[in-house]
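> return a 3D structure for these sequence lines:
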Amino acid sequence: MNLIVAVDRSWGIGCNNTLLASIPGDMKYFKEHTMDKVVVMGRRTLESMPGRRGLPKRVNYVLTSNTDFEAERCIVVHTEDELFEALSRYDTDDVFLIGGATIYNKYYKLCDKLYVTKMDADLGADTFITDFDADPDFEIVSESEPITENGVTYRFVIYENVNKHKKPDPSV
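Coordinates of the predicted model:
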């Protein structure tokens with residue numbers, strides 16, 4: 001499983017349930033990585049999308065405790081067990097967590113790769129995720145040169161989970 005997100009300097013991801021910045025290059029990057037894949041999101045993330053419906057050309061899973069919730073182009077699941085049973089049918093490389101903060105913070109340790117667009121600005125976020133730089137289980141394996149668009153400088157950074165596939169030490 002993977003994660004894809006855009007963050008500001010303080011690991012903020014949104015404000016008032018909207019993205020912090022409109023960056024066409026980041027939207028293109030997001031599409032390139034998630035098109036024809038499986039995306040997993042929470043209800044509020046889905047509700048922040050245009051038309052409040054799933055993304056086209058993707059299998060959209062929405063995790064919500066609201067048992068009456070329905071959405072166009074989405075498979076709605078209500079428990080973690082239900083979600084992971086459904087995801088077990090897919091190649092883990094094809095599954096992407098796409099938000100929001102609760103989903104990211106709860107499940108990022110289960111991911112093999114984290115695709116992070118790091119914006120070099122403080123954009124007034126009210127919603128934050130874990131600082132992956134401070135997590136020793138993840139290391140940067142790729143970082144793009146800086147790109148500036150719409151007044152925001154950003155880099156595409158890929159982290160790998162260095163401990164996900166380690167076998168437990170039998171001597172412990």
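> my read: Gly51 touches Glu72, true?
Yes - using C-beta atoms under 8 Å, Gly51 is in contact with Glu72, at 7.5 Å. All C-beta spots, glycine's among them, are computed from the backbone N, C-alpha and C.
> list the contacts of Gly14.
Neighbour list for Gly14: Leu20, Ser48, Gly99, Gly100, Ala101, Ala125, Asp126, Thr127 [criterion: C-beta atoms under 8 Å, 6 or more residues apart in numbering].
> okay, now the second one: neighbour count?
A count of neighbours around Ser48, defined by other C-beta atoms under 10 Å, yields 17.
> cool, Thr92 as well?
There are 13 residues near Thr92, going by other C-beta under 10 Å.
> same question, Ser88
That count, for Ser88 with other C-beta under 10 Å as the rule, works out to 9.
> hey, which strand is longest across this protein?
strand 152-161 (DSSP state E).
> what pairs with Leu19 across the strands?
Leu19 has these beta-bridge partners by DSSP bridges: Gly14.
> Arg44 - that's part of a helix, no?
Yes - assessed with DSSP: H, G, I helix; E, B strand; the rest coil, Arg44 lies in a helix.
> what residues are up against it?
So Arg44 contacts Asn17, Gly100 (C-beta under 8 Å, 6+ apart).
> most neighbours among the contacts of Gly14, which one?
Neighbour max across those (other C-beta under 10 Å) = Gly99, 25 neighbours.
> show me the contact partners of the lowest-mean-pLDDT helix or strand in the chain.
Using mean pLDDT, DSSP states H and E, the weakest-scoring helix or strand in the chain turns out to be strand 18-19, at a mean of 92. Strand 18-19 has contacts (C-beta under 8 Å, 6+ apart) with Ala6, Ile13, Ser48.
> residues contacting the second one?
Right, Ile13. So Ile13 contacts 5-7, 19-20, 99-101, 104, 125, 127-129 (C-beta under 8 Å, 6+ apart).
> if we use 10 Å, what do you get?
5-7, 19-20, 45, 99-101, 104, 123, 125-129 (C-beta atoms under 10 Å, 6 or more residues apart in numbering).
> so where do the helices sit in the protein?
24-34, 43-47, 80-87, 101-107 (DSSP state H).
> format the contacts of strand 18-19 as JSON lines; extra columns: distance to Thr148 and pLDDT.
As requested, the contacts of strand 18-19 are exported to JSON lines (distance: C-beta to C-beta, whole Å; pLDDT from 0 to 100):
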{"residue": "Ala6", "distance to Thr148": "15", "pLDDT": "98"}
{"residue": "Ile13", "distance to Thr148": "20", "pLDDT": "98"}
{"residue": "Ser48", "distance to Thr148": "25", "pLDDT": "93"}
